[in-house]
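[1] Pasting the sequence and the predicted coordinates here, then a few questions.
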Amino acid sequence: MTARVDHVVTSGTFSLDGGTWDVDNNVWLVGDDDEVVVIDAAHDPDKILAAVAGRRVLAIICTHAHDDHVNAAADLATATGAAIHLHPADEPLWRMTYPDTDFEPLHDGQQFEAGGVFLQILHTPGHAPGCISAYAPQLDAVFTGDTLFAGGPGATGRSFSDFPTIIDSITTRLLPLPPTTTVHTGHGPSTTIATESPHLDEWIARGH
């Protein structure tokens, strides 16, 4: 079966530090006609299950534990039998949404496989301590969550975030990827490493 990336946009809210905001989230499914990995189970488990379309879900990978990226994970895990995977540095954020639900710990360099596609986990902290990106060299794609967007790094103005750390993650883990690599983000449009690389100095100067 030919491997592919499916994309679902779900809508809901993000809450942290006493504020709540309306958000649209990207949910990515990587695999083939028989099996998939789901990246960031956000807001709407039924919509995600419709995109799964009866395929076997091998894993639910969380790029980080902000509630808008994980609030459908438990329901999706119950519906599919798949385990939820999260970097343990994000456990404090995870417990804000799921006090009693556990996850499988992700680690840097870990690999997942679905439909013949290998996903390599890159620890890319900064937006949150446990942020990861998932690199699929066979697809010339990386799934960056909220670490790198079209136009710059993810936000670092709230609890558990740090701007110098996210810049280091982008500089050392993402920008060295092949320039043709498509960057599939947690919100908004996709981009490429080649498009974003020239703007690093601007982001640092902007300190956003």
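    Structure received.
[2] only C-alpha atoms for contact and neighbour calcs from this point on.
    OK.
[3] where do the helices sit along the chain?
    Using DSSP state H, the helices of the chain run over 45-52, 67-70, 73-80, 91-97, 163-169, 193-196, 200-206.
[4] So for the fifth one, mean pLDDT?
    Yep, that's helix 163-169 we're talking about. The pLDDT scores in helix 163-169 average 98.
[5] Let's see that helix as CSV, backbone CA atoms only.
    Output in CSV follows, covering the C-alpha atoms of helix 163-169 (Å, rounded to 0.1, in the frame of the first residue of the first chain):
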residue,chain,number,x,y,z
PHE,A,163,12.5,31.4,24.0
PRO,A,164,16.3,30.6,24.0
THR,A,165,15.4,26.9,24.3
ILE,A,166,13.0,26.9,21.4
ILE,A,167,15.6,28.8,19.2
ASP,A,168,18.2,26.2,20.2
SER,A,169,15.8,23.4,19.3
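[6] contacting residues around that helix?
    Here helix 163-169 makes contact (Cα atoms under 8 Å, 6 or more residues apart in numbering) with 123-127, 147, 153-154, 156, 204, 207-208.
[7] Narrow these to those in strands?
    The strands, defined by DSSP state E, take in 123, 153 from the contacts of helix 163-169.
[8] Would you mind checking the contacts of helix 163-169 for buried ones?
    Buried members of the contacts of helix 163-169, scored by 16 or more other Cα atoms under 10 Å, are 123-127, 147, 153-154, 156.
[9] In CSV: those residues, plus pLDDT.
    Output for those, formatted as CSV (pLDDT from 0 to 100):
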residue, pLDDT
H123, 98
T124, 98
P125, 98
G126, 98
H127, 98
T147, 98
P153, 98
G154, 97
T156, 96
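[10] Turn those into a markdown table, including distance to L49.
    Output for those, formatted as a markdown table (distance: Cα to Cα, whole Å):
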| residue | distance to L49 |
| --- | --- |
| H123 | 27 |
| T124 | 28 |
| P125 | 29 |
| G126 | 30 |
| H127 | 28 |
| T147 | 26 |
| P153 | 30 |
| G154 | 28 |
| T156 | 31 |
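[11] what packs against the lowest-mean-pLDDT helix or strand in the chain?
    Across the helices and strands of the chain, mean confidence by mean pLDDT, DSSP states H and E is lowest for helix 200-206: a mean of 92. Counting contacts by 3 or more Cα pairs under 8 Å, 6 or more residues apart in numbering; DSSP states H and E, helix 200-206 is packed against strand 152-153.
[12] picking that back up, of all the helices of the chain, which one comes closest to E104?
    helix 91-97 (10.8 Å; Cα to Cα).
[13] Only alpha carbons, please: show the closest one as CSV.
    The C-alpha trace of helix 91-97 is given here as CSV (Å, rounded to 0.1, in the frame of the first residue of the first chain):
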residue,chain,number,x,y,z
GLU,A,91,3.9,15.3,32.5
PRO,A,92,3.0,18.4,34.6
LEU,A,93,1.1,19.8,31.7
TRP,A,94,-0.5,16.4,30.9
ARG,A,95,-1.8,16.1,34.5
MET,A,96,-3.7,19.4,34.1
THR,A,97,-5.9,17.6,31.6
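[14] ok, back up a step: how about the least confident helix or strand of the chain as PDB, C-alpha atoms only?
    Below are the C-alpha coordinates for helix 200-206, written out as PDB (Å, rounded to 0.1, in the frame of the first residue of the first chain):
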ATOM      1  CA  LEU A 200      16.400  32.700  12.000                       C
ATOM      2  CA  ASP A 201      18.300  35.900  12.800                       C
ATOM      3  CA  GLU A 202      15.100  37.900  12.400                       C
ATOM      4  CA  TRP A 203      13.300  35.600  14.900                       C
ATOM      5  CA  ILE A 204      16.100  36.000  17.400                       C
ATOM      6  CA  ALA A 205      16.100  39.800  17.000                       C
ATOM      7  CA  ARG A 206      12.300  39.800  17.400                       C
END
